[in-house]
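> One predicted model, sequence on top.
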Amino acid sequence: MLKAIKWFIISAFSFIVLCNVWIVGTTHNGIIKDSRMLIGSEVGLVFGTSQHQVNGEPNPFFNHRVESAKQLLNAGKVEKLILSGSKDSIYYDEAEAMKEALVAQGIDANDLILDKYGNRTIESLARLRDVHGYNQCILITQEYHAYRCLFIAEKLGLHAQCFVAETPDKRSHIWALLRELLARTKAVADLYILS
């Protein structure tokens, strides 16, 4: 029994490592840190996250994504932004929060498209294609998340680059980074095993 458990743990760990190597290795060329290197696109997709941390303080992941999205619009790299995120209630609406933040910084609301059903990365990307009718885009998120976004986008037949927003200090957000290792593994399972 102990031997079986041991081999299960080794196999699971190996699968996690394999999935992460596969995703990062096949998507790193689509990660863009300098907006001047981007090929322009009609639309940019901003992935939602909570505006505030659990302790009530501003969420730097949210703020950096909003800033990067504004930068692309102002530079003319995209014509419009799709703001995709969860909406659990009238009190929690990631897309609306991004819109309010961007409008407060001078962005025209007419350049913003709200997608309030982007509960998961794969759903945001599928809705970009199936609901909003785009097959080319610039994705906007932090680098650790960008690899998975590009991996899913390619599988869905989307032509995408990812403009990475600044990542907050990794030491203070280590759990988010570790959780991404498992999320990448789940993405492989969703796209190649469970589909």
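Sure, I can see it. Residues are numbered from 1 along each chain as shown.

> And what about Arg36, helix, strand or coil?
Secondary structure assignment for Arg36 (DSSP: H, G, I helix; E, B strand; the rest coil): helix.

> What count of nearby residues applies to it?
7 (other C-beta atoms under 10 Å). (Each C-beta comes from the backbone N, C-alpha and C, glycine too.)

> neighbouring contacts of the helix or strand of the chain with the lowest mean pLDDT?
In the chain, the helix or strand scored least confidently by mean pLDDT, DSSP states H and E is strand 87-89, which has a mean of 84. Contacts to strand 87-89, defined as C-beta atoms under 8 Å, 6 or more residues apart in numbering, come from residues Asp93, Glu94, Ala95, Glu96, Lys116, Tyr117.

> which parts of the biggest helix by length in the chain are buried?
Longest helix in the chain by number of residues (criterion: DSSP state H): helix 2-27. For helix 2-27, the neighbour count (16 or more other C-beta atoms under 10 Å) marks Cys19, Asn20, Ile23, Val24, Thr27 as buried.

> Against Lys116, how distant is the fourth one?
So that's Val24. As judged by C-beta to C-beta, to the nearest Å, Val24 and Lys116 stand 30 Å apart.

> same check, this time on the second one
Distance check for Asn20 against Lys116: by C-beta to C-beta, it reads 30 Å.

> Over to Phe13?
Relative to Lys116, and taking C-beta to C-beta, Phe13 is found at 37 Å.

> ditto for Tyr192
Look at Tyr192 and Lys116: by C-beta to C-beta, they are 29 Å apart.

> Glu94 now?
Distance from Glu94 to Lys116, by C-beta to C-beta: 8 Å.

> what's the answer for Glu57, then?
Counting by C-beta to C-beta, the gap from Glu57 to Lys116 is 24 Å.

> higher neighbour count, Tyr192 and Lys116?
More crowded of Tyr192 and Lys116, by other C-beta under 10 Å: Lys116, with 15 against 10.

> would you say Ile39 is within a strand?
No. Assignment of Ile39 by three-state DSSP gives coil, placing it outside any strand.

> Would you confirm that it contacts Gln161?
Yes. The pair Ile39 and Gln161 passes the contact test of C-beta atoms under 8 Å, sitting 6.5 Å apart.

> what about the two, which has more around it?
More crowded of Ile39 and Gln161, by other C-beta under 10 Å: Gln161, with 21 against 10.

> Would you state the helices of the protein in chain order?
Under DSSP H, the chain gives helices at 2-27, 60-74, 94-104, 121-130, 143-155, 174-188.

> Dump those helices to TSV, plus mean pLDDT and distance to Asp34.
Output for the helices of the chain, formatted as TSV (pLDDT from 0 to 100; distance: least, C-beta to C-beta, whole Å):
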stretch	mean pLDDT	distance to Asp34
helix 2-27	94	17
helix 60-74	97	11
helix 94-104	97	22
helix 121-130	97	24
helix 143-155	97	13
helix 174-188	93	23
